[in-house]
Each structure stands twice: as C-alpha cells, then as structure tokens.
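Trainee: Next one to model:
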Amino acid sequence: MSAREDVYIVGAGIHPFGRNEHVDGLTMAELACRGALADAGLAWQDIGYAVGGSNEAGKPDTLVDRLGLTGVPFVNVRNGCATGGAALATAAGALRAGEAGTALVVGFDKHERGAFSRPAASYGLGEWYATTGMMLTTQYFALKTRRYLHEHGIPEETLATVAARALRNGARNPMAWRRKELSEQEIMDGAPVNPPLTRYMFCSPAAGAVALVLATGERAHDLCERPVRLAALSLRTRRFGSFEVFSPWLAPEPYHSPSIDAAAAAFDRAGVRPSEVDVAQVQDTDSGSEIIHLAETGLCKAGEQETLLREGATEVDGRLPVNTDGGCLANGEPIGASGLRQVHEVVRQLQGRALGAQVPGSPRVGFTHVYGAPGVSVCTVLT
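Mentor: From the prediction side, this is the model:
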C-alpha cells in the first residue's frame, strides 16, 4: 500500500463501561470523542470524516451539535454487535479512498437491564420463533455452547476458567464494569441462566463509549509517536446452514461461521499468521463464545481450548493473552461500543500504555474479533 492507503490509529478515548445511570449515551460518546481527539493532539475542526455507531442510545451524527458544526461528512452505522467494527471499516475505507486525511470513529450505547431480546419480525422470522424462546439471546448461546462442548470433549468447568480470568483482568482495568474477582467454583455455583451457563458466564447489556482517531500514513507519524497500523480489517456475513443468532434452523453437519471467514481473510490480507499474534480480543458474549471463537479465528484448534486455558496461555503474561481488559464478561456489552473497545485495548497494549494490566515483552501484533446478530463478524489485525 502507498502511504495514503495505509491507515493508522493515532488517538483513543473511552468512557467507563457499566450502568452509568446518570449519563446519557450521547454524553458518553462526546466525552470519548474529546478524549480521543486530545490523545491525537487534534481538534474537532481537524477531522475530515466521521463515522458513528449506536443501537439504541441516540443518533450518532447529532454529536456535531456538541463537537462543532464544521460540515464534516458523518455516517451512521448499525450492525448489531459488529457495529463498532463496521464503523471502523467505513472510516478506514474513506481514508483509503482519499476522502480525507483524518477520521474519527465513535461507538456508544446504553441498554436496559435484562438479556437482549428482539421482535421476531424485525429479523424476518415468524412469531413462532419468539414463542419458542429463541429470540432471547441467552437461549441461543447456551444451545451453541452445549453442542460445542459435547462435540469436542471440553468439560463444563472450562467455562468457569474463562470467566474467572476475565474477571481477574477486569479487576485491574479502571474502565471495566465488573471489577470483583471470583473463583471458578463461585462462578460454577452461580445462579443458572441457561445451562450450562451461569450468571457469571454471561456478559450483561451495559453502557459505554469508545472513540478512535484514524489518519493516513502521510499524517500518522506527525500526529503520534507510536501510531498503530490497521494492517487488515475484514467483515463477513453467515453462509447457508450456519447456526447463528436468530437462525431458524440448525444444520446437522459442521457449519462454516462468519468468524472463520472474517479471521482468515484478515490474516491473509495482513500477511500475518495466527501464531504470530501477541495479544488478542475475541467476542466473549458468554464463556462458551470465547471458547468457540478461539478456534474459529485460528488462534487454536478445536478441542485445544481446555489445555490452553488450564496452562495459563491466555493470561496477560501467557503466550497468547486474550481479552486483557476483561472482555465483554467484565465490561458488559454496549452494542455500539463493544467492537471499538476491543480495538482500543489492543492499540494501547501495542503502544505499551494499557489502562489495566500490560502485556509484557513489547507486543507487536494484535488481533480483534467481534461477532453480532444475525451472523456478522469483523476481524482486525493491528501492528
């Protein structure tokens, strides 16, 4: 790629995740934007393109009322839990196309308590699907996890290992929501939600905001001492027969998820092997999802997860640190912000300035993976 086509992240800002009872979504987004701009040493007037994503906390482009009426192109994105990744892809594409030299991406949301549930008709499904309980997302994740553990001989206790590590990392992250460590036994003994998953094995709908400032290669090194290159970004949707969120049927044979396609495309485009990743973020809507996504993204083989976790390989000081900020399990999931939180964390890890636990040894290659309904995945490789 030419210097213009190269895209770098030169600023990052985040609003703490959690319930944030007394702060509305747009205010969280504004504060994250101002933090990212300050981090990049830029003013809003310096931004040539903007993209924002939110599921239900406000119309992102109305942020110009707060940040400044500069006439900047501002695109709104809504793509389920993949909203942040899709927003990042939109902004990066605009820079590569020569639309601007700098861009700001922001994702934010604020959700009510309780599991995500949607009207069946909004996903092209009949009311019969809702009456079975499958529009309640916890049902889907439990079914998928149960099948995966059975097929690959992974004990249910591994689910608690994932959650315990997430909460340990969250306890060290000042931006995380859940900051209390729990033992694996406490997690196993938690109230059942949808077996085999207990309450501490699920993330919860939450509130939060993240913003990133992007720049082309021509400008990045003038703006940031250690800019992080967006080496690749890939977005994929589901194939025929994939069992994804709000799927009306389950294929009897092994399926090919969008996460497999998105990860493979990102690694290929970046010229990086999964074994070269120094720090990773994978979607952990629940403990089972992390286990599944570790294999689907190529970070390990199916069935290896139990050994990987028990040996401590995914810990901050392990050979493959995963979800070092606590992931969705510790931060909760504000849909519009979740994918950008992943990138924010990896960027700071690669720059050696993590807000929580820092991966030792000067990590150089990062990877993020987000997955959303009804079967959309976005993966990035950052260097």
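Trainee: Point out where the chain drops to low pLDDT.
Mentor: Residue ranges of the chain with pLDDT under 70: 1-4, 114-117, 254.
Trainee: Let me see the contact set for the residue most central in space within it.
Mentor: Closest to where the C-alpha atoms of the chain average out (Cα atoms, centre = their mean) is residue 339, at 3.0 Å. Residues in contact with residue 339 (Cβ atoms under 8 Å, 6 or more residues apart in numbering) are 81-88, 107, 368, 370, 378. Every residue, glycine included, has its C-beta placed from N, CA and C.
Trainee: Next: residue 123.
Mentor: Contacts of residue 123 by Cβ under 8 Å, 6+ apart are 246, 373-374.
Trainee: In TSV: the contacts of residue 339, plus secondary structure and distance to residue 61.
Mentor: Shown next, in TSV, are the contacts of residue 339 (DSSP: H, G, I helix; E, B strand; the rest coil; distance: Cβ to Cβ, whole Å):
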residue	secondary structure	distance to residue 61
81	strand	21
82	coil	19
83	helix	14
84	helix	16
85	helix	19
86	helix	15
87	helix	12
88	helix	17
107	strand	13
368	strand	25
370	strand	22
378	strand	21
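Trainee: ok, of those, which come out buried?
Mentor: Buried subset of those (neighbour count, 16 or more other Cβ atoms under 10 Å): 81-88, 107, 368, 370, 378.
Trainee: Helices of the stretch 1-150 of the chain, start to end?
Mentor: Using DSSP state H, counting those that start in this stretch, the helices assigned to the stretch 1-150 of the chain run over residues 25-40, 64-67, 83-96, 127-131, 137-152.
Trainee: and the gap between residue 342 and residue 279?
Mentor: 11 Å (Cβ to Cβ, to the nearest Å).
Trainee: now residue 226
Mentor: The gap separating residue 226 from residue 279 is 15 Å, by Cβ to Cβ.
Trainee: And those two? Which one has more around it.
Mentor: For residue 226 versus residue 279, neighbours defined as other Cβ atoms under 10 Å are more numerous around residue 279 (25 against 12).
Trainee: Give me the neighbour count for residue 185.
Mentor: Residues near residue 185, counting by other Cβ under 10 Å, number 11.
Trainee: and it, helix, strand or coil?
Mentor: helix (DSSP: H, G, I helix; E, B strand; the rest coil).
Trainee: tell me the contacts of it?
Mentor: Residue 185 touches residue 160, counting by Cβ under 8 Å, 6+ apart.
Trainee: hey, where'd the helices end up in the stretch 151-300 of the chain?
Mentor: 157-171, 184-188, 217-223, 258-270, 287-296.
Trainee: quick revisit: and the contacts of residue 123 as JSON lines, adding neighbour count?
Mentor: Formatted as JSON lines, those follow (neighbours: other Cβ atoms under 10 Å):
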{"residue": "246", "neighbour count": "20"}
{"residue": "373", "neighbour count": "19"}
{"residue": "374", "neighbour count": "18"}
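Trainee: Show me which of these is closest to residue 112.
Mentor: residue 373 (17.1 Å; Cβ to Cβ).
Trainee: Give me the distance between the nearest residue to residue 174 once chain neighbours are set aside and residue 5.
Mentor: What sits nearest to residue 174 in space, not counting adjacent residues and going by Cβ to Cβ, 6 or more residues apart in numbering, is residue 355, at 5.9 Å. The spacing between residue 355 and residue 5, counted by Cβ to Cβ, is 31 Å.
Trainee: follow-up on the earlier one: determine which stretch of the helices of the stretch 1-150 of the chain is the most buried.
Mentor: helix 83-96 (a mean of 25; mean count of other Cβ atoms under 10 Å).
Trainee: Return the distance of residue 366 relative to residue 227.
Mentor: Distance, residue 366 to residue 227, using Cβ to Cβ: 13 Å.
Trainee: More neighbours: which of those two?
Mentor: Shown here are residue 366 and residue 227; by other Cβ under 10 Å, residue 366 has more neighbours (28 against 24).
Trainee: So what does that one have for phi and psi?
Mentor: phi -120, psi 160 (degrees, to the nearest 10).
Trainee: wait, isn't it in contact with residue 354?
Mentor: No - under the criterion of Cβ atoms under 8 Å, residue 366 is not in contact with residue 354, lying 11.3 Å apart.
Trainee: Now for residue 76: which residues touch it?
Mentor: So residue 76 contacts 51-54, 59-61 (Cβ under 8 Å, 6+ apart).
Trainee: What's opposite it in the beta bridge?
Mentor: residue 52 (DSSP bridges).
Trainee: Which residue, neighbours along the chain excluded, lies closest to the residue of the chain most remote from its centre?
Mentor: Distance from the C-alpha centroid of the chain peaks at residue 128, with 31.1 Å (Cα atoms, centre = their mean). In space, and not counting its chain neighbours, residue 128 is closest to residue 120: 8.0 Å by Cβ to Cβ, 6+ apart.
Trainee: Give the burial count for the one you found, as a bare number.
Mentor: Neighbours of residue 120 using other Cβ under 10 Å come to 19.
Trainee: so which of the contacts of residue 123 comes closest to residue 207?
Mentor: residue 373 (19.3 Å).
Trainee: how deep is residue 283 tucked in, by neighbour count?
Mentor: 29.
Trainee: Alright, that wraps it up for me.
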